[in-house]
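*Asks:* the following comprises the amino acid sequence and a computationally predicted model.
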Amino acid sequence: MNRRDFLQYAGYVGLGATFPEVASAINLKQLGRIVVLVHLKGGNDGFNTLVPYEDGHYYDLRPNIAISKRAVHRLEGENKFGMHPHLSKLDRLWKSGEMAWVHGVGYSNSSLSHFQSLDVLESGSLSDFNNGWLSHIVPRFKKGLHGVVIDNGVEGGGVMNGRHLHGVTLNNLNTFVKAAKRVESVQMKRRGTSALTHITQTQNQLHTIGEQIAKKVGMNPRPVAGHYSGDLGNGLQAVAQMILNGVDAPVYKVTQPGFDTHSSQITAHGNALFQLASGLDSFSNAMKRAGVWDKVLVVTYSEFGRRAKENKGAGTDHGTASAQMVLGGSVKRGIYGQHPNLAKLDQNGNVRHTTDFRSMYGTIAQRWWHQPSPWGKQGQHPFV
């Protein structure tokens, strides 16, 4: 591959990444604990996702778009909250004890800007957005490749940002493997400019990453069963391929678009949740069949929630806190945290968050990866 063609793919590699030589195939029984982050892009309406069907204020605020009591998918053992009916495929995970929900996840003085709020959520900080929250945890216990982000190239690595965090962002797994095979390792024969040195180092990193992933996924790969479609489905299929074929990464991130529901929310939100449930259903089945579901923790997040009261367009505007979903073979079933008070909205018509978003990261750090948490003051949740 010449340098001009290579530059098309240079953006796939995290800056400062260094990787060991390609290892032999990993026995799936030796897999470390993995986190799959699912970004619900646009600001997911938590109230129509985990529905408070016994709260009269919910129906007063949403006379046209609330999920009716009759339509709510009831959760076994719960008598106040149920799922949006288009999440019903995931009910088997609830019944088997492998699903948890966390109420009211957000932060104080929440920004209603997609970009700024996503910076907050993905950095784990209210002010320093230069490093992803994973940079404070993963390099402590893992060398080499730290994570893979699969998206359309617009959103970028976010959670995988950081000088010591070695990740790769790609659009399509097969395209990446084919492109990376064309990248050759090069040596600097003489001292060049800082820009040329950077490009050369990036090309060598891409070569090493591509060699690792191509060898694992491209040579007699384990098949991944299930039906996968759309951005999320295709992303989860790629994640399953990498996990089941021994790519040594503790973190993956995928994205499901469609949650910015300012108008006609009933249809738009329902479609997005249906795709979410279908993708997660196929992915969890694939992990179960391979016997590694207990080593995978799936966590959803969104840049913010939606306003409590519906708008004139039969939708909802940008809001604050939202519910998050956690799935996995080691998850302890339950609904954690306190539901936001719909009777006491702020001056903007938003609920006050009841769970600091950093408590989710602290839980993952300490209870999943057994690492110290930089967010100890925000508490933990016993969902693992």
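*Replies:* Good, I have the coordinates.

*Asks:* in this structure, which spans are helices?
*Replies:* 3-6, 56-61, 91-95, 114-123, 138-141, 173-181, 194-218, 230-244, 265-290, 358-363 (DSSP state H).

*Asks:* any low-confidence regions in the protein?
*Replies:* Counting by pLDDT under 70, the chain contains low-confidence ranges at 1-26, 152-157, 180-210, 218-221.

*Asks:* show me where it has its strands.
*Replies:* 34-40, 50-51, 73-74, 82-83, 99-106, 147-150, 167-170, 251-256, 296-301, 322-327, 334-336, 355-356 (DSSP state E).

*Asks:* okay, the helices of the chain in a markdown table with distance to V298 and mean neighbour count next?
*Replies:* From N, CA and C alone the C-beta is placed, and that goes for glycine too. Shown next, in a markdown table, are these (distance: least, Cβ to Cβ, whole Å; neighbours: other Cβ atoms under 10 Å):
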| stretch | distance to V298 | mean neighbour count |
| --- | --- | --- |
| helix 3-6 | 34 | 12 |
| helix 56-61 | 27 | 15 |
| helix 91-95 | 10 | 18 |
| helix 114-123 | 17 | 19 |
| helix 138-141 | 17 | 16 |
| helix 173-181 | 18 | 17 |
| helix 194-218 | 21 | 19 |
| helix 230-244 | 9 | 23 |
| helix 265-290 | 7 | 21 |
| helix 358-363 | 13 | 23 |
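
*Asks:* what would the ones you listed look like in CSV with distance to I67?
*Replies:* Converted to CSV, the helices of the chain look like this (distance: least, Cβ to Cβ, whole Å):
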stretch, distance to I67
helix 3-6, 50
helix 56-61, 9
helix 91-95, 15
helix 114-123, 25
helix 138-141, 37
helix 173-181, 36
helix 194-218, 40
helix 230-244, 21
helix 265-290, 9
helix 358-363, 25
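
*Asks:* and the ones you listed: which comes nearest Q324?
*Replies:* Checking the helices of the chain against Q324 by Cβ to Cβ gives helix 358-363 as the closest, at 6.6 Å.

*Asks:* ok so, going back, so which of the helices of the chain gets nearest Q378?
*Replies:* Nearest of these (Cβ to Cβ): helix 358-363, 4.1 Å.

*Asks:* and for R140, nearest residue in space, chain neighbours not counted?
*Replies:* Q371 (5.6 Å; Cβ to Cβ, 6 or more residues apart in numbering).

*Asks:* what does L118 give?
*Replies:* Per Cβ to Cβ, 6+ apart, closest to L118 is E303, 4.3 Å.

*Asks:* count of neighbours near that neighbour?
*Replies:* Neighbours of E303 under the rule other Cβ atoms under 10 Å: 27.

*Asks:* span of stretch 92-102 from start to end?
*Replies:* 18 Å (Cα to Cα, to the nearest Å).

*Asks:* correction: stretch 347-362
*Replies:* 31 Å.

*Asks:* and what of stretch 72-85?
*Replies:* Stretch 72-85 end-to-end distance (Cα to Cα) = 6 Å.

*Asks:* what does that stretch contact?
*Replies:* Stretch 72-85 has contacts (Cβ atoms under 8 Å, 6 or more residues apart in numbering) with 48-55, 67, 71, 87-88, 90-91, 94-95, 101, 269-270, 273, 335, 339.

*Asks:* check stretch 284-301 too.
*Replies:* 28-29, 31-40, 44, 93, 98, 105, 121, 222, 224-226, 240, 243-244, 276, 280, 283, 324-331, 357, 360, 364, 368, 384.

*Asks:* what distance separates it from the centre of its chain?
*Replies:* Distance of stretch 284-301 from the chain centroid (Cα atoms, centre = their mean, to the nearest Å) equals 13 Å.

*Asks:* M160 is in contact with L134, correct?
*Replies:* Yes - the pair L134 and M160 passes the contact test of Cβ atoms under 8 Å, sitting 6.4 Å apart.

*Asks:* overlap in contacts of those two?
*Replies:* Contact criterion Cβ under 8 Å, 6+ apart; residues shared by L134 and M160: H146, G147, V251.

*Asks:* just the buried residues from those residues, in PyMOL please.
*Replies:* A single PyMOL command is used to select the members of those judged buried by 16 or more other Cβ atoms under 10 Å:
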select buried, resi 146+147+251
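
*Asks:* need the shared contacts of L134 and M160 in TSV with distance to S111, can you?
*Replies:* Below are these laid out as TSV (distance: Cβ to Cβ, whole Å):
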residue	distance to S111
H146	27
G147	25
V251	25
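
*Asks:* H164: which of the helices of the chain is closest?
*Replies:* It is, among the helices of the chain and with distance given as Cβ to Cβ, helix 138-141, at 4.6 Å.

*Asks:* which residues sit against the closest one?
*Replies:* Against helix 138-141 from outside (Cβ under 8 Å, 6+ apart): H146, G147, G162, H164, L165, P250, V251, W369, Q371, P372.

*Asks:* can you redo the residues you listed as TSV, where the extra columns are distance to A308?
*Replies:* Formatted as TSV, those follow (distance: Cβ to Cβ, whole Å):
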residue	distance to A308
H146	38
G147	35
G162	35
H164	41
L165	36
P250	37
V251	33
W369	35
Q371	36
P372	37
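
*Asks:* thanks a lot, catch you later.
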